[in-house]
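> what follows is a predicted protein model with its sequence.
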Amino acid sequence: MAFSLFSVVSLTVIYRLTINFPELPYTQELKNVESDEFLLNSRHIAHEIQHLVKGDFYLDSLEYPPCPRVSRYHKIIGSLVYVDLYAEKESPRVSDVLLSAIKSGKIGNLTVSDEGFELHVVRDSSSACATTEFTCLDKTCIPADQRCDGRRDCPDGSDEHKDHGKCKEHQPIIQQTEKVVFAQKHASIHLSATVNSSVEDSQIAWSKDGVLLGVGSMSLAEDGRVTVYRKGDKHHLHIQNATDSDDGTYKLIVQGMNVEADFEVRITSDRVAIESDECPSGERACKSGHCLPVAQFCDRRVQCPDGDDEEHCSGK
């Protein structure tokens, strides 16, 4: 859970840190920012960092601590925690104190490592988002054209909220189970999404490269391997015995409402699949070794250090 300072004071500097905690076991619970495990570790880390840098920030009480935003796993380095520190002005001493602590291997009673450590300073803005971006409620930045497009691009879904996103009530929202799906040859491909709006079954269509694959629960593809169906508000596309030709961009379209979602299907070799298994379930490795959720590949936002999460993305 993120602690927001933006409603309290207009801050001009954000110190954005990536810190390696080698003795912090990475678990599935740490992936969930609302879990008890994440909150417990978040408060502990925030307390130790605040004690280290006390006096440089607008942080006079524990009510407004540094903000651990998210945890990620690196298949070589281990558990990485991303932390934001908010300040009214930039202080050279802050970087010195942080670097010294990292070099010593300790922040308070927490063991840290210099492997994977990063420090970036965001200046002169109460928001880290650019003018061409939309600021989510949790301060995540997304491209402005993704606001009110029927897809939950903000982690908290606030880009589709009536109040924060200024979206129309009647607009349906497509919530994809996965945006990028990897499948080995001869395995099955499964795409699915929930459309949380009272749209008619006949309005939901699946397509690839401009070719209609199905409408509602009726399959229209000439290829008998392709099946579309619906269970409640969830719509599915299933392809048996995957081949190289199945690689590419698939669309789920709410016809007549200008709302659609793209799915990227990647047909992989056995070797690629084995490499991906070195990351936690549901995540994939960047070239650098950093692990990201599969849905963050080909989502039009560079998040791998080398930018390889946005390479070879057709239709983008």
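Yep, that arrived. Please read these numbers as outputs of a predicted model, since none were measured by experiment.
> Val180 pairs with what?
Under the criterion DSSP bridges, Val180 forms beta bridges with Glu264.
> over to Leu110?
On DSSP bridges, the residues paired with Leu110 through beta bridges are Ile107.
> residue numbering should commence at 433 henceforth.
In the new count, where the first residue is 433, that last one comes out as Leu542.
> count the neighbours of it for me.
Here the count is done by other C-beta atoms under 10 Å, and Leu542 has 19 residues near it. Where you see a C-beta, it was placed from the backbone N, CA and C, and this is true even at glycine.
> try Pro457
Around Pro457 sit 10 other residues, with neighbours defined as other C-beta under 10 Å.
> check Asp676 too.
Neighbours around Asp676, by other C-beta under 10 Å: 8.
> next: Asp585.
Asp585 has 21 neighbours, counted by other C-beta under 10 Å.
> A helix includes it, no?
No - the assignment for Asp585, made by DSSP: H, G, I helix; E, B strand; the rest coil, is coil rather than a helix.
> spatially nearest residue to it (excluding sequence neighbours)?
Nearest in space to Asp585, with sequence neighbours left out and distances taken as C-beta to C-beta, 6 or more residues apart in numbering, is Gln578 at 4.2 Å.
> same check, this time on Ser467
Counting by C-beta to C-beta, 6+ apart, the residue nearest Ser467 is Glu461, at 4.4 Å.
> was I right to think that neighbour contacts Leu472?
No - no contact is recorded between Glu461 and Leu472 when judged using C-beta atoms under 8 Å, the distance being 9.7 Å.
> compare those two and say which one has the larger neighbour count.
For Glu461 versus Leu472, neighbours defined as other C-beta under 10 Å are more numerous around Glu461 (14 against 11).
> who's in contact with the more buried one?
Ser467, Asp468, Glu469, Phe470 (C-beta atoms under 8 Å, 6 or more residues apart in numbering).
> any idea how far the residue located most distally from the centre of the chain is from Leu645?
Ranked by distance from the centre of the chain (C-alpha atoms, centre = their mean), the top residue is Glu654, with 35.5 Å. Using C-beta to C-beta, to the nearest Å, one obtains 10 Å as the distance from Glu654 to Leu645.
> likewise for Gly597?
Using C-beta to C-beta, we find Gly597 at a distance of 30 Å from Leu645.
> cool, and Asn452?
Per C-beta to C-beta, Asn452 is found 45 Å from Leu645.
> give the bridge partners for Tyr518, please.
The residues paired with Tyr518 through beta bridges, assigned by DSSP bridges, are Ile446.
> quick one on the thing from earlier: am I right that the residue farthest from the centre of the chain is in a helix?
No - checked against three-state DSSP, Glu654 lies outside a helix; its state is coil.
> which strands and helices lie in contact with the helix or strand hosting Leu645?
For Leu645, the enclosing helix or strand under DSSP states H and E is strand 643-647. Based on contacts counted as 3 or more C-beta pairs under 8 Å, 6 or more residues apart in numbering; DSSP states H and E, the elements that strand 643-647 packs against are strand 636-640, strand 658-663.
> try it again with 6 Å
For strand 643-647, the elements it packs on are strand 636-640, judged by 3 or more C-beta pairs under 6 Å, 6 or more residues apart in numbering; DSSP states H and E.
> partner strands of the strand it packs on, parallel or antiparallel?
The partner list of strand 636-640 in its sheet, established with DSSP bridges, is strand 643-647 (antiparallel), strand 680-686 (antiparallel).
> re earlier: among the contacts of Glu461, which one has the most neighbours?
Counting neighbours by other C-beta under 10 Å, Phe470 comes out on top of these with 20 neighbours.
> skipping adjacent residues, who's closest to that residue in space?
Spatial nearest neighbour of Phe470, excluding adjacent residues (C-beta to C-beta, 6+ apart): Leu462 at 5.6 Å.
> state the distance from the one you found to Glu715.
12 Å.
> buried residues in the lengthiest helix in the chain, which are they?
When every helix of the chain is counted residue by residue (DSSP state H), the longest turns out to be helix 468-485. Residues of helix 468-485 classed as buried by neighbour count (16 or more other C-beta atoms under 10 Å): Phe470, Asn473, Ser474, Ile477, Ala478, His479, Glu480, Ile481, Gln482, Leu484, Val485.
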